[in-house]
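[1] coords below, sequence missing:
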């Protein structure tokens with residue numbers, strides 16, 4: 001019986017579903033693997049560690065926006081609990097929070 005493992009792509013952060021057998025995949029697609037290779041090669045000779053993640057200003061701003069949206073959703077859940085919200089409302093708020101936090105995990 002094989003177990004399914006969820007891991008994230010090292011380049012884009014998308015979930016990779018894979019089985020326990022064989023080598024673990026590091027990238028969800030060949031294009032992500034290629035972008036990571038290009039990134040590593042562009043850092044050679046710069047003094048920046050190979051495992052560094054370099055984001056452009058728009059990518060960094062987008063990431064900060066996703067983190068902010070996730071924090072706001074968490075505050076909404078906390079407020080709803082404090083105000084005695086019903087189960088259905090909390091289910092909806094937690095589903096939104098889960099979606100936003102998954103999106104916030106992506107680096108690109």
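    Now that the structure is in, tell me what you want to look at. In this text the structure is predicted, and so the values were computed from the model without any measurement. Residues are numbered from 1 along each chain as shown.

[2] in the protein, which segments are predicted with low confidence?
    For the chain, applying pLDDT under 70 flags the ranges 1-6, 19, 107-108.

[3] which residues of it fall in helices?
    Assigned by DSSP state H, the helices in the chain fall at 30-42, 57-82, 87-105.

[4] Now do the buried residues in the shortest one.
    Neighbour-count burial for helix 30-42, counted by 16 or more other C-beta atoms under 10 Å, picks out 32-33, 36. (Each C-beta comes from the backbone N, C-alpha and C, glycine too.)

[5] for the last one, same thing?
    Neighbour-count burial for helix 87-105 flags 93, 96-97, 100-101, 104 (criterion: 16+ other C-beta under 10 Å).

[6] tell me which of the buried residues of helix 30-42 is nearest to residue 75?
    Of all those, residue 75 sits closest to residue 32, with 32.8 Å by C-beta to C-beta.

[7] which non-adjacent residue is nearest that closest one?
    residue 11 (3.8 Å; C-beta to C-beta, 6 or more residues apart in numbering).

[8] What of residue 74?
    residue 97 is the one closest to residue 74 (C-beta to C-beta, 6+ apart), at 5.8 Å.

[9] Give me the distance between the one you found and residue 71.
    10 Å (C-beta to C-beta, to the nearest Å).

[10] same check, this time on residue 61
    16 Å.

[11] of the two, who's got more company?
    residue 71 (14 against 11; other C-beta atoms under 10 Å).
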